[in-house]
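Undergrad: Just the structure for this:
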Amino acid sequence: MVKLTAADELFMHQIPEPLPNVAMHHDHWRESYYFAIHPRDAEGDVLVLTMAHYPKSEEMDSLQFGRIGGQLVFGRHARPYDGDPHTTVVGPVTIDIVEPYRTVKLTVDESSAPVGLDLTFTARTQAYGLRRGTMKAGHEIIWDQSHMIQSGSYTGTYSHEGTTYQVDDWWGQRDHSWGIRDHQRCPLWMWLAIQLPDGMLGVWNWEYANGARVFLDGCFAPADGSEPVPVIGFSHDLSWTGEDGRPVDYGQDGAGVRGLSGSVEIVLEGGRSVRVDAEGTWCARYGRFGGGQHYMAVRTGDGRTGTAIYEITGAHHHHFFPIARADRLPPG
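TA: Residues are numbered from 1 along each chain as shown. Take a look at the predicted model:
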């Protein structure tokens, strides 16, 4: 007899199998939420909350991480499906989609988590669906997923070590992705979530170790709610920086890296080109996975200023990760 869940009563099926079965039974298949929360200026704390489910292991987990008072924080909670892979509650963490693509409530009980949250995400742009992206090493699938990104504002509070802090109209981006992602064997992915007064610039860029592009998508999503404009071109000139702010080599594990700086050029559908100069420091380090996330102060070529999360990670890249940390990498 097949196992059914409460969601099997609803019109949600994509394949002729009960939920949460997926098209390919794969170790690295997952579906996940990601929320980044940060002030509108370049100073202050950075909060990140995730939640994901994994059909192969029949488990859900949630990560809480970021930077508070200049110190990196991290926590993880997990629960087995136990017949319910759909309720978005994991330990002290609850994510409630109040109104799709408009309002999301984030709650974390600080009594059993490194950071407590009582926040509401309100969309300030339309959601943008990235096209499906695939990367292989020979015949092996390394990456095959779909993805949604959206900018919003956050209000509420967060708490850490007994102190509660106010969040008043902070910026941030949320993601919803689903598919296969073998993080340890991806040569390079670069994700930029740039928040500006008039909208969001979002970019996903994957490359092989030699710098050849595998995938590019993203958009400029206006804050007035009008239609997002797709990204059609992208180039980057970014470098890891050390304690003195000068470029440094990543080496094996980035021990000498403190920050990231440089510029990117983003070309939008219709031909408009946007230069973005940025500088920032870690808000999450990925350790053995390589790289991580940086909280950045940004300025566009036409003088707009804002803040951003830049994620650069991967196993081998001629510029960012010259020492390979994995075998059998794409393209195979």
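
Undergrad: Look at Pro230 and tell me its secondary structure.
TA: Secondary structure, DSSP: H, G, I helix; E, B strand; the rest coil: Pro230 is strand.

Undergrad: How many residues are close by the closest residue to it other than its chain neighbours?
TA: Once flanking residues are discounted, Pro230 sits nearest to Glu269: 4.6 Å by Cβ to Cβ, 6 or more residues apart in numbering. Any C-beta I mention is one placed from the backbone N, CA and C, and that applies to glycine too. Counted with other Cβ atoms under 10 Å, residues neighbouring Glu269 total 13.

Undergrad: Ok, Gly202 next?
TA: Gly202 is flanked by 28 other residues according to other Cβ under 10 Å.

Undergrad: ok so, going back, show me what contacts the residue nearest to Pro230?
TA: Under the criterion of Cβ atoms under 8 Å, 6 or more residues apart in numbering, the contact list for Glu269 reads Val229, Pro230, Val231, Ile232.

Undergrad: Let's see that with 6 Å instead.
TA: With contact set as Cβ atoms under 6 Å, 6 or more residues apart in numbering, Glu269 has these partners: Val229, Pro230, Ile232.

Undergrad: Would you mind checking which of those is nearest to Asp27?
TA: Ranked by distance to Asp27 (Cβ to Cβ), the contacts of Glu269 are led by Pro230 at 32.2 Å.

Undergrad: Check what pLDDT the closest one gets.
TA: Note on Pro230: pLDDT of 98.

Undergrad: Just to check, it is in contact with Ala221?
TA: No. Using Cβ atoms under 6 Å, Pro230 is not in contact with Ala221; the gap is 10.2 Å.

Undergrad: So for those two, which residue has more residues nearby?
TA: A direct count of neighbours by other Cβ under 10 Å for Pro230 and Ala221 places Ala221 higher, at 25 against 15.

Undergrad: List the buried residues for stretch 40-55?
TA: 40, 42, 45-55 (16 or more other Cβ atoms under 10 Å).

Undergrad: what's the most distant pair in these?
TA: By the measure Cβ to Cβ, Ala42 and Pro55 form the most distant pair in the buried residues of stretch 40-55, at 39.6 Å.

Undergrad: could you measure His13 against Leu4, distance?
TA: 11 Å (Cβ to Cβ, to the nearest Å).

Undergrad: Low-confidence stretches in the stretch 1-150 of the chain?
TA: Within the stretch 1-150 of the chain, no stretch has pLDDT under 70.

Undergrad: rewinding a little: as JSON lines, the contacts of Glu269 with distance to His86 would be great.
TA: As requested, the contacts of Glu269 are exported to JSON lines (distance: Cβ to Cβ, whole Å):
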{"residue": "Val229", "distance to His86": "34"}
{"residue": "Pro230", "distance to His86": "32"}
{"residue": "Ile232", "distance to His86": "36"}
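
Undergrad: helix/strand/coil for Ala7?
TA: When classified by three-state DSSP, Ala7 comes out as helix.

Undergrad: my guess is it contacts Pro18, does it?
TA: No. Ala7 is beyond contact range of Pro18, at 9.0 Å (criterion: Cβ under 6 Å).

Undergrad: any idea which of the contacts of Glu269 is the one closest to Tyr128?
TA: Of all the contacts of Glu269, Tyr128 sits closest to Pro230, with 8.2 Å by Cβ to Cβ.

Undergrad: Flag every buried residue along the strand with the most length in the chain.
TA: For the chain, the strand with the greatest residue count under DSSP state E is strand 140-160. Buried residues in strand 140-160, counted by 16+ other Cβ under 10 Å: 141-145, 147, 149-154, 156, 158-160.

Undergrad: biggest separation within those, which pair?
TA: Pairwise distances among the buried residues of strand 140-160 were taken by Cβ to Cβ; the largest, 40.9 Å, belongs to Ile141 and Ser159.

Undergrad: Do I have it right that Cys186 meets Gly314?
TA: Yes. Taking Cβ under 6 Å as the definition, Cys186 is a contact partner of Gly314 at 5.4 Å.

Undergrad: what about Gly271, neighbour count?
TA: Burial measure for Gly271: 8 neighbouring residues, criterion other Cβ under 10 Å.

Undergrad: so where do the strands sit in the stretch 51-200 of the chain?
TA: 59-68, 71-80, 89-90, 93-99, 103-108, 116-123, 128-137, 140-160, 163-181, 188-196, 199-207 (DSSP state E, counting those that start in this stretch).

Undergrad: Now distance to Thr305 too, for those, in JSON lines please.
TA: Below are the strands of the stretch 51-200 of the chain laid out as JSON lines (distance: least, Cβ to Cβ, whole Å):
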{"stretch": "strand 59-68", "distance to Thr305": "20"}
{"stretch": "strand 71-80", "distance to Thr305": "25"}
{"stretch": "strand 89-90", "distance to Thr305": "36"}
{"stretch": "strand 93-99", "distance to Thr305": "31"}
{"stretch": "strand 103-108", "distance to Thr305": "27"}
{"stretch": "strand 116-123", "distance to Thr305": "22"}
{"stretch": "strand 128-137", "distance to Thr305": "22"}
{"stretch": "strand 140-160", "distance to Thr305": "16"}
{"stretch": "strand 163-181", "distance to Thr305": "12"}
{"stretch": "strand 188-196", "distance to Thr305": "8"}
{"stretch": "strand 199-207", "distance to Thr305": "13"}
